[in-house]
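Asker: next come a sequence and a model predicted from it.
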Amino acid sequence: LHIPGPLGFAIILLTISIRLLLYPLMQAQLKSAKKMAMLKPHLDALSRRGMVFNRSYVQQALCSPSRISMLSGRYPATTGIFEIGRPLRATMPDITTLPQHFKNHGYHTRSLGKIYHVGIDDDASWTVPAWHSKKPRYGPIGRAAVEAQRKDDEAKGIKRQGRAKGVGFYAGPAFEIVDGDDDDLLDGDTASAAIAQLREHAREENSSRPFFLAVGFANPHVPWVAPKKYWAHYDPAKLPLATNEFLPKGAPAFATTTAQDFLSYANVPDGELPESFKRACLHGYLAAISYIDAQVGRLLAALDETGLARNTIVVFWSDHGYYMGEHTWWVMKHNNYEGATRNCLIIAQPEMKHACTKTLALAQSVDLAPTLTELCGLPAHAGFQGRSLKPVLENPAAVVNDAAFSWYPKEGWLGVAMRTDQWRFIEWTKPGHEPVRELYDMARDPQNDLNIADKPEYAIVRDSLSKRLREQFPVQEFKQPPPAKKSAAK
């Protein structure tokens, strides 16, 4: 079916947690996996339909702030949200978001799964309330462990606050092999709901109305829970481990700290992780990726079967990167470095001139709002702060951004990273302190192993980048978010 009229294309926005293409930090693991099985055939197929942005960056390497930035088309410096918890309208009550802009111009907008974040949504963005699967995130083992811990606390009269190892959801394991079907788990059920929605849009009585369908998957964010068949693709003994298991040399200590979420899962050993457990983690990560790849394949097949593919733009996007052993960080992001801020971005249009193309053009998540607006012929929205990537889609060598920017707060410091063609420059500011800077040569040091900001021979480069950064983003003081309000139980 063709969606006629001036409203332009329909849109499917597929979102996941974690960089799915595994570049560049996981390149060795990717090559190893390809020797054993096709790691991501359906994402490869989507790449052949569209353009892969090999240098795409999120505006904060943390789930909710990253998603809020992308969906609002605003930098975190504008939204003021640098943490998980607050919804967008806590700081910008009258904002018009990307999906809301489409809704205001006649699109049916729908959210299925993890879009803004777990427990966070935005009713004004959607034509109908957001949908979330009631299927479990864990398999039988994880569910049983969580329930046993809950009953034990109940019997002892314990009421726990906050996060602790082996408590609540973290009573379950960091990974689980499930003897079942895709739809037995949350992500498979989400894909099925999205397919049903596509078929509904394809019905004759609905075919004249364009849609904006956002579909969010939980995997491959930890815990890695996937049916057994996806684990069978990989031999953990053949998966190579990271070769730079040390913190970035010369970096400020506070900048290399990271959250400890992963260590809270019940089966994660205390202290140094043994090699066997590291390999088990890589195994789980890759199995989870294959599981999600299969769900993407189901959606692409439904697009083709319904005829909607002829007039639908598909965007595949992840909310941050992931470290799997590099710099001693296991299952972590929470920083301003390349591996945390670099994400996956694929844009596929019908009858694309430059389909099956990769580009090195710098892209930012805030660019998606103006890009999709322009591609669909909608009026531009003055509040969107990114730049349209349409020139890159028309010419992969085009330059839209001369830099990509990311933020992260650490111990009262607010760090802003600027990624240019050659450099990753990070400047940290805190009231009452002199700025602290980091500089990495991306040509020689793509994994950010050595901070060269204080080396005399790089002083001119460092100062020039600092001036350039502050001309665009003046120093901003990080303000701690207000305490969360206690809500009545529902």
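Answerer: Now that the structure is in, tell me what you want to look at.

Asker: contacts, neighbours, all on C-alpha from now
Answerer: Noted.

Asker: neighbouring contacts of stretch 455-465?
Answerer: With contact meaning CA atoms under 8 Å, 6 or more residues apart in numbering, stretch 455-465 is reached by F425, L439, I452, A453.

Asker: by mean pLDDT, flag the weakest helix or strand of the protein.
Answerer: The weakest-scoring helix or strand in the chain, judged by mean pLDDT, DSSP states H and E, is helix 27-36 (a mean of 43).

Asker: secondary structure, distance to N219 and pLDDT added to the contacts of stretch 455-465, as CSV?
Answerer: Compiled in CSV, the contacts of stretch 455-465 are given as follows (DSSP: H, G, I helix; E, B strand; the rest coil; distance: CA to CA, whole Å; pLDDT from 0 to 100):
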residue, secondary structure, distance to N219, pLDDT
F425, strand, 31, 98
L439, strand, 33, 98
I452, coil, 36, 98
A453, coil, 37, 98
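
Asker: filter these to the buried ones?
Answerer: Using 16 or more other CA atoms under 10 Å as the burial test, these include F425, L439, I452, A453 as buried.

Asker: surely the last one touches V436?
Answerer: It refers to A453. No - the criterion here is CA atoms under 8 Å, and A453 misses it with V436 at 9.2 Å.

Asker: can you list the low-confidence ranges for the stretch 201-350 of the chain?
Answerer: Across the stretch 201-350 of the chain, nothing is flagged by pLDDT under 70.

Asker: just the helices in the protein please.
Answerer: Assigned by DSSP state H, the chain shows helices spanning 27-36, 41-49, 63-72, 76-79, 98-103, 140-156, 186-202, 228-231, 275-306, 338-341, 368-375, 390-394, 459-472.

Asker: in a markdown table, list those along with distance to T357 and mean neighbour count.
Answerer: What follows is the helices of the chain, written out as a markdown table (distance: least, CA to CA, whole Å; neighbours: other CA atoms under 10 Å):
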| stretch | distance to T357 | mean neighbour count |
| --- | --- | --- |
| helix 27-36 | 19 | 15 |
| helix 41-49 | 7 | 19 |
| helix 63-72 | 23 | 28 |
| helix 76-79 | 30 | 18 |
| helix 98-103 | 26 | 23 |
| helix 140-156 | 41 | 15 |
| helix 186-202 | 26 | 21 |
| helix 228-231 | 28 | 19 |
| helix 275-306 | 19 | 21 |
| helix 338-341 | 22 | 26 |
| helix 368-375 | 18 | 21 |
| helix 390-394 | 9 | 18 |
| helix 459-472 | 31 | 14 |
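
Asker: turn these into CSV, including distance to H327.
Answerer: Shown next, in CSV, are those (distance: least, CA to CA, whole Å):
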stretch, distance to H327
helix 27-36, 15
helix 41-49, 28
helix 63-72, 21
helix 76-79, 26
helix 98-103, 35
helix 140-156, 29
helix 186-202, 30
helix 228-231, 26
helix 275-306, 14
helix 338-341, 10
helix 368-375, 31
helix 390-394, 33
helix 459-472, 23
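
Asker: and those: which comes nearest Y322?
Answerer: With CA to CA as the criterion, Y322 lies closest to helix 338-341 of the helices of the chain, at 5.6 Å.

Asker: send over that closest one as PDB, restricted to the C-alpha atoms.
Answerer: C-alpha atoms of helix 338-341 as PDB (Å, rounded to 0.1, in the frame of the first residue of the first chain):
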ATOM      1  CA  GLU A 338      34.100   7.100  22.500                       C
ATOM      2  CA  GLY A 339      32.800   3.600  23.300                       C
ATOM      3  CA  ALA A 340      30.000   5.000  25.500                       C
ATOM      4  CA  THR A 341      28.800   7.900  23.300                       C
END
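
Asker: rewinding a little: of all the contacts of stretch 455-465, which two lie farthest apart?
Answerer: Spanning the widest gap among these are F425 and I452, at 10.0 Å by CA to CA.

Asker: which residues do the two both contact?
Answerer: In terms of CA under 8 Å, 6+ apart, F425 and I452 are both contacted by the residues E438, L439, Y440.

Asker: tell me the one of these nearest R86?
Answerer: E438 (29.6 Å).

Asker: I figured that closest one hits F425, correct?
Answerer: Yes - under the criterion of CA under 8 Å, E438 makes contact with F425 at 5.7 Å.

Asker: what residues are up against the closest residue to L247 other than its chain neighbours?
Answerer: Nearest non-adjacent residue to L247, counting by CA to CA, 6 or more residues apart in numbering: H327, 4.5 Å away. If you count contacts by CA under 8 Å, 6+ apart, H327 has them with N244, E245, F246, L247, P248, D449.

Asker: does the fifth one touch P446 like I think?
Answerer: Meaning P248. No - P248 is not in contact with P446 according to CA under 8 Å; the separation is 11.7 Å.

Asker: got a list of what the residue most central in space within the chain touches?
Answerer: Geometric centre of the chain, nearest residue: D319, 1.4 Å, by CA atoms, centre = their mean. Going by CA under 8 Å, 6+ apart, D319 touches T15, I16, S17, I18, R19, V58, A61, L62, C63, S66, R67, N343.

Asker: how far away is F478 from G139?
Answerer: 40 Å (CA to CA, to the nearest Å).

Asker: one more: V416?
Answerer: Going from V416 to G139 by CA to CA gives 39 Å.

Asker: and for N343?
Answerer: Distance from N343 to G139, by CA to CA: 28 Å.

Asker: repeat for K229
Answerer: From K229 to G139 the distance is 14 Å (CA to CA).

Asker: ChimeraX command for the buried members of the contacts of H327?
Answerer: Buried residues among those (16+ other CA under 10 Å), as a ChimeraX selection:
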select :247,248,449
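
Asker: only alpha carbons, please: show stretch 442-462 as PDB.
Answerer: Only the C-alpha atoms of stretch 442-462 are listed here, as PDB (Å, rounded to 0.1, in the frame of the first residue of the first chain):
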ATOM      1  CA  MET A 442      41.100   9.500  17.300                       C
ATOM      2  CA  ALA A 443      43.400   8.600  14.400                       C
ATOM      3  CA  ARG A 444      46.100   7.100  16.700                       C
ATOM      4  CA  ASP A 445      44.100   6.300  19.800                       C
ATOM      5  CA  PRO A 446      40.500   5.300  18.700                       C
ATOM      6  CA  GLN A 447      39.800   3.600  22.100                       C
ATOM      7  CA  ASN A 448      40.800   6.700  24.200                       C
ATOM      8  CA  ASP A 449      43.600   4.900  26.000                       C
ATOM      9  CA  LEU A 450      45.900   7.900  26.600                       C
ATOM     10  CA  ASN A 451      44.900  11.500  27.600                       C
ATOM     11  CA  ILE A 452      47.300  13.900  25.900                       C
ATOM     12  CA  ALA A 453      45.700  17.200  27.000                       C
ATOM     13  CA  ASP A 454      48.600  18.100  29.300                       C
ATOM     14  CA  LYS A 455      51.300  17.400  26.700                       C
ATOM     15  CA  PRO A 456      53.000  20.700  25.600                       C
ATOM     16  CA  GLU A 457      53.000  19.700  22.000                       C
ATOM     17  CA  TYR A 458      49.200  19.500  22.000                       C
ATOM     18  CA  ALA A 459      48.600  22.800  23.900                       C
ATOM     19  CA  ILE A 460      47.600  24.700  20.800                       C
ATOM     20  CA  VAL A 461      45.100  22.000  19.700                       C
ATOM     21  CA  ARG A 462      43.700  21.700  23.200                       C
END
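
Asker: nice, that's everything, thank you.
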